[in-house]
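In: dropping the sequence and predicted coords here.
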Amino acid sequence: MLISALTAAAGWWQTHVIAQQLSSGVWPYVTLSTTANSDGHIVVNVVNDGLGPAILDDFEILVDGKPQHDIVAVLHALAGHFERDHPDLSFGPIVPGEVLRANSSTLLFAMTSKRVVPNLVDQVAGRASVRLCYCSIVDNCWTVGIRSEGFTARPTPVARCPDADSDQLHAVTQAELKSVR
C-alpha cells in the first residue's frame, strides 16, 4: 500500500512538473506600445513579446475613472469633437478572442492630426487608464495596464478575464468613424 501511495504521489508530481514546463513554453507577454511624435502622429500597438500566442479577451479604457463604451467614445471624451480638423484615423482589426502570435504586434489605434494629437497626448497622460486581459493557450490569464500617471504595469496573473461592459475591441463601423471625423 505504501509503494502504491508513493507511486501515485510521484505520478502526480511528474504531471505537475510537466504542466509547469508546458505553461512556461507557451507563455505570452503582452504590452501596450505607444508612439507619438511632433508631426502630429500617434500609434498604439498591442505587442506580444512572449514565447507563445496570446488570446486577447478584454480591453478597457477609463477616462476620468469612468469606463468608455468604445474607442470612439474615448476620443470624444479626451479630445472633444473635431469640427475644424478632420484627423486621419486607423483602427486595428482586434476582436475579442483574437490570437496574437508570439513576437508579433497588431495595431490598436493610429491618428494623424497636428492640432488634435498633441492635445490628445496631454489628455491621455492625465486622464486615461488602459487595461487589457489576455490568456495563453493553456488558460493561464493576465492583465496588463497603463495608468494615467504614465506607469506601465507588468502583467499580473488572474484566474480569468473579467466580463467588462465595454466593447472596445469591436470593429469600428463607418457611422462611428464619421462621428469622429
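Out: Ah, there it is.
In: from now on I want contacts and neighbour counts done on CA atoms only, so please keep to that.
Out: Will do.
In: which helix or strand contains residue 89?
Out: According to DSSP states H and E, residue 89 maps onto strand 88-91.
In: where does the prediction get shaky in this structure?
Out: 16-25, 81-86, 147-153, 164-181 (pLDDT under 70).
In: just want the most central residue of the protein.
Out: The chain has residue 132 as the residue nearest its centroid, 3.5 Å off, counting by Cα atoms, centre = their mean.
In: tell me the SS of the residue nearest to that one when sequence neighbours are not counted?
Out: Sequence neighbours aside, residue 59 is the residue nearest to residue 132 in space, at 4.4 Å (criterion: Cα to Cα, 6 or more residues apart in numbering). Judged by DSSP: H, G, I helix; E, B strand; the rest coil, the three-state class of residue 59 is strand.
In: any chance you could map the helices in the chain?
Out: Taking DSSP state H, the helices of the chain run over residues 2-25, 71-79, 116-127, 174-180.
In: counting contacts, what elements does the third one pack onto?
Out: Here helix 116-127 touches helix 71-79, going by 3 or more Cα pairs under 8 Å, 6 or more residues apart in numbering; DSSP states H and E.
In: the inter-axis angle of the helix it packs on versus helix 116-127?
Out: Angle, helix 71-79 to helix 116-127, by axes from the mean of the first three to the mean of the last three Cα atoms, to 10 degrees: 90 degrees.
In: list the contacts for the closest residue to residue 157 other than its chain neighbours?
Out: Closest residue in space to residue 157, ignoring its immediate chain neighbours: residue 142 at 4.3 Å, by Cα to Cα, 6+ apart. Shown in contact with residue 142 (Cα atoms under 8 Å, 6 or more residues apart in numbering): 133-135, 155-158, 160-161.
In: many thanks, have a good one.
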